[in-house]
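> Task: produce atomic coordinates for the following.
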Amino acid sequence: MSMVEAVKICLRKYVSFSGRASRAEFWKFVLGIFLASILAAIANVMIFGPVTEAQFVLRTTSEGTTQHLQQKIQYGPGPFSTLLGFAVLLPFLAAASRRLHDIGRPVWHLALPWVVSILLIAITLVAFTAHVPVSEAIRAAHPSIGETMAVPQPPLPLFVAAWLLGFTTFVLSIIWFTRRGQPEANRYGPSPMASNP
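Next up, the predicted model:
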C-alpha cells in the first residue's frame, strides 16, 4: 500500500470509526498529513509572511524582578495550516480508532487518558494565574496593554504531574499504534491484512 492509497482510504472513511486499520495504512496516512502540513506551512509563509507575536516576559533573579515584551517571529502557523488541521482531524481520529481496533482495544482505552491529560494541563495553566503589574515603560510603548497581566503560576507538583501524564499518554499511544495487529478476525471485524496484503 502506497502513501497516496493510504491517504485516499482514510479520507474515504472520513468518519468511519468502526472496522480496523493496518499499521501501514495508519502510519502512511500520518506521513501524508505531516507532508501536507509542511506544504501548508510553506504556503502560509509565502502568501501571508511570518506571524509576529509579542510575549510578556517576567524574570525574577536575586537582584529583583524585570519585565519586558519580547517580539517573537513564527513561521508556519496560519490559515492554510488551520484549515488543514480541521480537515484532517476527524479522519485522523477515525483512523486512530480503527488502528486501536486492529490490536483488539476499544477506543476509550486511549481516549480517556488523552481527555484527562488535556483537561489537567488546561486546568493547570488556566486555573492558577497571578496578576502581575505591568511597568510604566511597557505600557507607554504598548498602550493596548492593561495595568496588570495574567501570568500562569501553577503549583510545581501539579504542573509536573499534568505534563508527566500527557507524556505517558503520548508514549502509550505510540506503543499501541506501532503494535502488530491481530492476524485473525476480532470483535471489530476481519484483519485488514486479509484484504490488503
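> From Thr52, how far out is Gln67?
According to Cβ to Cβ, to the nearest Å, Gln67 and Thr52 sit 19 Å apart. No exception for glycine: its C-beta is placed from N, CA and C like everyone else's.
> The two - which one has more neighbours?
Taking other Cβ atoms under 10 Å, Gln67 and Thr52 do not tie; Gln67 has more neighbours (17 against 9).
> what's the helix or strand for the more buried one?
When elements are defined using DSSP states H and E, Gln67 is found to belong to strand 64-74.
> For that strand, C-alpha coordinates in PDB please.
The C-alpha atoms that make up strand 64-74 are tabulated as PDB, following Å, rounded to 0.1, in the frame of the first residue of the first chain:
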ATOM      1  CA  GLY A  64      15.000  41.800  41.600                       C
ATOM      2  CA  THR A  65      12.200  41.300  39.100                       C
ATOM      3  CA  THR A  66      12.400  42.500  35.500                       C
ATOM      4  CA  GLN A  67       9.800  42.500  32.800                       C
ATOM      5  CA  HIS A  68       9.800  43.200  29.100                       C
ATOM      6  CA  LEU A  69       7.900  42.400  25.900                       C
ATOM      7  CA  GLN A  70       9.800  40.000  23.600                       C
ATOM      8  CA  GLN A  71       9.000  40.000  19.900                       C
ATOM      9  CA  LYS A  72       8.700  36.500  18.500                       C
ATOM     10  CA  ILE A  73       8.600  35.600  14.800                       C
ATOM     11  CA  GLN A  74       6.800  32.400  13.900                       C
END
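> Quick check: what element follows it along the chain?
Helices and strands here follow DSSP H and E; after strand 64-74, the next one along the chain is helix 79-102.
> helices and strands around that next one, which ones?
Counting contacts by 3 or more Cβ pairs under 8 Å, 6 or more residues apart in numbering; DSSP states H and E, the secondary-structure elements packed against helix 79-102 are helix 3-12, helix 23-48, helix 108-127, helix 156-178.
> Pro79: which of those helices is closest?
Each of these has some distance to Pro79 by Cβ to Cβ; the shortest is helix 23-48, at 6.8 Å.
> closest to Phe80 out of the helices and strands packed on helix 79-102?
helix 23-48 (4.0 Å).
> which parts of that closest one are buried?
Using 16 or more other Cβ atoms under 10 Å as the test for burial, helix 23-48 gives 23-30, 32-33, 36-37, 40-41, 43-45.
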